[in-house]
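Asker: Sequence and predicted structure are below.
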Amino acid sequence: MAAPNWITLKQARAIDAVAKTRSFEHAARVLNTSQSVVSRTIAGAEKKVGGPLFERGWSGTEPTAWGEAVLRRCSAALALIDRAEDDIATLHGTRPKLKTFLRWHHLEAVSAVVRFGGASAASAHLGVTQPAISRSVAALSEYAGQPLFERQRNGLAATPQAQRLATLRDELLQELAMVESYRLRPKTGLVGRLAVGMLPFSGQDLVAKAFGTLTSRHPDLRLMAVPGSYNMLAEALKRGEIDCMVGILRERPPVPDLVETFLYHERFTLVARWDHPCHGKALTIPALKDEKWIVGPHGTPVRAYFERIFQNVGTTPPAQTCEILSFVNAEQVIANSVAVGLLSYSAQNLASLLADLRKVDVELPDSDIAIGLTTQKSRKPSEILAVFEELLLSYVDRPEPHGPAAEALS
């Protein structure tokens with residue numbers, strides 16, 4: 001009865017449930033069915049739209065860019081059914097159970113009987129048997145908990161509830177017809193997902209620039225930036241939940257099967273708010289031991305360097321006031337406090353430092369650090385990841401790495 005290539009209401013429910021629960025297993029519980037049924041239902045919808053709707057990701061099962069577009073229509077269709085249930089409850093006092101059981105053939109049959117005034121004429125219009133029309137009308141009457149037609153001498157008279165269901169049919173067809181446009185629309189550029197792990201403090205603007213370019217060139221690409229610690233992101237990379245990491249390279253990757261690609265150098269730098277008392281003084285590292293500090297957490301290269309520069313001058317590393325993983329948040333806290341922060345900057349970013357911040361005039365030894373891309377050695381890079389890496393390399397002037405990072409990459 002409905003166009004055979006359109007998303008069914010059952011598929012719309014499954015798509016909505018998987019997207020909300022981020023899991024096929026949890027969606028099956030919500031829908032009171034089995035995980036295999038949900039998987040087959042989603043697979044059928046993917047066949048109709050001509051592309052994957054979900055893939056495994058950082059937060060569980062995530063919609064693809066294509067899936068996001070289809071999901072919006074499916075969720076809107078389910079909202080239309082909710083609204084119809086409200087209206088019918090107002091008309092009759094009994095709220096129907098439509099969302100769980102409703103099928104296209106139910107709505108098509110009721111709509112045709114409303115239009116033509118009888119099951120026989122509806123049967124001829126839809127090209128199905130009269131008993132099939134009667135069964136669909138009876139089923140929908142049962143789900144609605146109320147009669148939908150009154151028998152009269154010249155046919156069937158539609159109740160206001162039946163008329164509302166006929167209107168719902170038209171609303172749903174209009175909403176889900178938009179899914180057909182996604183299926184027919186040619187794919188523009190790359191299609192899929194790129195999830196980038198963002199190591200603390202470094203390489204943030206480079207990734208943002210690449211994401212901006214990818215969004216413009218590949219509108220069907222879903223992009224994700226996932227902040228986290230090195231160990232957390234490395235495990236996610238091994239599980240395939242993210243595609244790469246960007247940030248400070250390790251002297252030697254602590255996790256097997258990871259490979260690092262050098263991009264550019266940054267430099268560890270001390271910064272404080274523009275009116276901090278430390279500015280304008282001839283300071284040394286030992287002179288700063290009593291300051292309040294904002295540094296990366298234990299286990300990060302920033303924290304290791306922080307402790308090393310104090311230990312090298314025979315001073316116990318001071319306690320820090322605040323541990324923050326986000327570079328932007330760290331700058332904001334430093335600008336609004338009396339703390340000194342140890343961050344990493346490229347020459348370009350240091351030249352455009354926030355107006356509320358100033359570099360602390362202290363010479364830091366061996367402060368150059370290598371920033372790069374970390375991927376999984378045993379996994380062949382996808383076309384999307386290869387394009388992303390090419391973009392990153394095009395943005396940076398890449399002198400050869402030196403110091404400990406050079407040993408790590410050799």
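Answerer: Sure, I can see it.
Asker: For A109, give me the pLDDT.
Answerer: Predicted confidence (pLDDT) for A109: 93.
Asker: Any idea how many residues pack against it?
Answerer: A109 has 28 neighbours, counted by other Cβ atoms under 10 Å. To be clear about C-beta, it is placed using only N, CA and C from the backbone, and glycine gets the same treatment.
Asker: so who does it touch?
Answerer: 1, 122, 126, 132-133, 136-137, 140 (Cβ atoms under 8 Å, 6 or more residues apart in numbering).
Asker: ok, residues contacting stretch 267-287?
Answerer: With Cβ under 8 Å, 6+ apart, stretch 267-287 has contacts from 288, 291, 302, 305, 309-310, 313-315, 331, 334-347, 350, 353, 355-362, 364, 367-369.
Asker: Drop anything exposed from those.
Answerer: Buried subset of those (neighbour count, 16 or more other Cβ atoms under 10 Å): 288, 291, 302, 305, 309-310, 331, 334-335, 337, 339-346, 353, 357-358, 360, 362, 367, 369.
Asker: hang on, the earlier thing: identify those among the contacts of stretch 267-287 that sit within strands.
Answerer: Within these, residues falling in strands by DSSP state E are 340-345, 357-359, 368-369.
Asker: Take the residues you listed and write them to TSV, including distance to L233.
Answerer: As requested, those are arranged in TSV below (distance: Cβ to Cβ, whole Å):
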residue	distance to L233
V340	27
G341	22
L342	21
L343	19
S344	17
Y345	22
L357	27
R358	32
K359	29
D368	23
I369	18
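Asker: what sits against D356?
Answerer: With Cβ under 8 Å, 6+ apart, D356 has these contacts: 273-274, 335-336.
Asker: Would you check which pair of those lies furthest apart?
Answerer: Spanning the widest gap among these are W274 and N336, at 11.7 Å by Cβ to Cβ.
Asker: by contact count, what packs against the helix or strand hosting E55?
Answerer: Per DSSP states H and E, E55 falls inside strand 54-57. On a contact count with 3 or more Cβ pairs under 8 Å, 6 or more residues apart in numbering; DSSP states H and E, strand 54-57 meets strand 60-63, strand 192-198.
Asker: Out of the ones you listed, which one sits most buried?
Answerer: Mean neighbour count (mean count of other Cβ atoms under 10 Å) peaks for strand 192-198 among the helices and strands packed on strand 54-57, with a mean of 23.
Asker: for the record, mean pLDDT for that strand?
Answerer: Strand 192-198 comes out at a mean pLDDT of 87.
Asker: One more: stretch 118-133?
Answerer: For stretch 118-133, the per-residue pLDDT values average out at 91.
Asker: Return the distance of that stretch from the chain's centre.
Answerer: Chain-centre distance of stretch 118-133: 46 Å, with Cα atoms, centre = their mean, to the nearest Å.
Asker: for it, which positions count as buried?
Answerer: 118-119, 121-123, 126, 128, 132-133.
Asker: and what of stretch 221-237?
Answerer: 221-230, 233-234, 236-237.
Asker: Render the CA-only coordinates of stretch 333-341 in CSV, please.
Answerer: Extracted C-alpha coordinates of stretch 333-341, given in CSV (Å, rounded to 0.1, in the frame of the first residue of the first chain):
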residue,chain,number,x,y,z
VAL,A,333,41.1,30.0,34.5
ILE,A,334,44.6,31.5,34.4
ALA,A,335,43.2,34.8,33.0
ASN,A,336,40.7,34.9,36.0
SER,A,337,43.1,33.9,38.8
VAL,A,338,46.5,34.7,40.3
ALA,A,339,47.9,31.3,39.1
VAL,A,340,50.8,30.8,36.7
GLY,A,341,50.1,28.2,34.0
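Asker: Please enumerate residues in contact with it?
Answerer: 270-273, 276, 278, 288, 291-295, 321-322, 324, 330-331, 354, 356-357, 360.
Asker: Helix or strand: which one has V38?
Answerer: Per DSSP H and E, V38 falls inside helix 35-49.
Asker: in that helix, what counts as buried?
Answerer: 38-39, 41-42, 45-46, 48-49.
Asker: Out of those, flag the one nearest to A112.
Answerer: K48 (23.9 Å).
Asker: So the closest one versus A12, what's the distance?
Answerer: Applying Cβ to Cβ, to the nearest Å, the value for K48 to A12 is 11 Å.
Asker: Spell out the residue ranges of the strands in the stretch 201-350 of the chain.
Answerer: Per DSSP state E, counting those that start in this stretch, the stretch 201-350 of the chain carries strands over the ranges 221-227, 244-248, 258-273, 293-295, 322-323, 340-345.
Asker: tell me the angle of the third one relative to strand 244-248?
Answerer: Strand 258-273 and strand 244-248 meet at an angle of 40 degrees, taking axes from the mean of the first three to the mean of the last three Cα atoms, to 10 degrees as the criterion.
Asker: Partner strands of strand 258-273 and their direction?
Answerer: Within its sheet, and counting by DSSP bridges, strand 258-273 is paired with strand 340-345 (antiparallel), strand 357-359 (antiparallel), strand 368-376 (antiparallel).
Asker: What are the contacting residues of the second one?
Answerer: The reference is to strand 357-359. Taking Cβ under 8 Å, 6+ apart as the rule, strand 357-359 contacts 269-274, 276, 279, 331, 334-335, 350, 353.
Asker: Please repeat the previous calculation with a cut-off of 7 Å.
Answerer: Outside of strand 357-359, the residues within contact range by Cβ atoms under 7 Å, 6 or more residues apart in numbering are 269-274, 279, 331, 334-335, 350, 353.
Asker: In this protein, what helix or strand scores lowest on average pLDDT?
Answerer: Every helix and strand in the chain was compared by mean pLDDT, DSSP states H and E; the lowest is helix 404-409, with a mean of 41.
Asker: From the contacts of stretch 333-341, keep the buried residues only.
Answerer: Buried subset of the contacts of stretch 333-341 (neighbour count, 16+ other Cβ under 10 Å): 270-273, 276, 278, 288, 291-295, 321-322, 324, 330-331, 357, 360.
Asker: quick one, helices of the stretch 101-250 of the chain?
Answerer: For the stretch 101-250 of the chain, the helices defined by DSSP state H, counting those that start in this stretch cover 104-116, 119-126, 130-144, 160-184, 204-217, 230-238.
Asker: First-to-last residue distance for stretch 332-344?
Answerer: Length of stretch 332-344, first residue to last, Cα to Cα, to the nearest Å: 15 Å.
Asker: you'd agree V38 is up against A28?
Answerer: Yes. Contact status for V38 versus A28: in contact at 4.8 Å, counting by Cβ atoms under 7 Å.
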